[in-house]
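> Build me a model from this:
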Amino acid sequence: MSENTGITFSSVFLDKVPPTDVRIDEMIQWGKKISEYGIIQGTEGNLSFRTKMGFIITGSDISLEKLTKDIVVEVRGVVFGLNRPSIYAKGQVVPSKETLLHSGIYEALPDINAIICLPGHIVLETAEKLSLPSISLEQSAGSQQLAQEAENLMKLNPSVRCFVIKNYCVVALGTTISEAGKQVEAIHAGAESCVKVKPRRTKPST
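Modelled structure (predicted):
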């Protein structure tokens, strides 16, 4: 399988059988729900949840609107080599390019079991007003360095359930996929409230 643009790791498939987990249905439902909100386009966004063996994540270059059980993959391990990390996986598709970001967050926060990462342009514009923690996109998207910055942020702020990577994406966390999804809903509702234009007052006619 050829690797997709933006992938910063090598995929090593332990087997090509898609993972099975009852929570995949919940992941699919939230993928479709997020698509209906109109806050993502094309193949933007990725979701994951923790498993006993690692975590299940959406595939790279996959539309969340068309998410199915066959196009998710279970990450069983991450090995950092001299050239690029190797992702050991179970499934038929290359994991999301943000797999290292998800892996770093799970490593930093043992109580977090689900992650949703979206572009969230309106949230990025209002992050300061919403008092959301943030890191700068000084490192390449999908890189080990960016994942390390997010991991450092989480270690300093272990109670944080949503943060932004400036000019790039919004990351929502939860103990379940639904909890992370509700974080997305709440943050976007708050952002929309911040940017609403108040109607101008007009002088009464005389």
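
> so how far is stretch 105-122 off the chain centroid?
6 Å (Cα atoms, centre = their mean, to the nearest Å).

> Ends of it, what's the gap?
23 Å (Cα to Cα, to the nearest Å).

> Of all the residues in that stretch, which ones are buried?
105-106, 108-109, 112-118, 120, 122 (16 or more other Cβ atoms under 10 Å). The C-beta positions use only the backbone N, C-alpha and C, and glycine is treated the same way.

> contacting residues around the nearest residue to residue 119 once chain neighbours are set aside?
Nearest-residue entry for residue 119: residue 44, 5.0 Å, with adjacent residues in sequence omitted and distances by Cβ to Cβ, 6 or more residues apart in numbering. Residue 44 sits next to 64, 118-119 when contact means Cβ atoms under 8 Å, 6 or more residues apart in numbering.

> How about residue 183?
Going by Cβ under 8 Å, 6+ apart, the list of residues near residue 183 reads 116, 161-162, 172-174.

> Would you mind writing the ChimeraX command to select the buried ones in the residues you listed?
Buried subset of the contacts of residue 183, written as a ChimeraX selection, criterion 16+ other Cβ under 10 Å:
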select :116,161,162,172,173,174
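
> how about the most centrally placed residue in the chain, secondary structure?
The residue lying closest to the centre of the chain (Cα atoms, centre = their mean) is residue 117, at 1.9 Å. State at residue 117, reduced to three classes by DSSP: H, G, I helix; E, B strand; the rest coil: strand.
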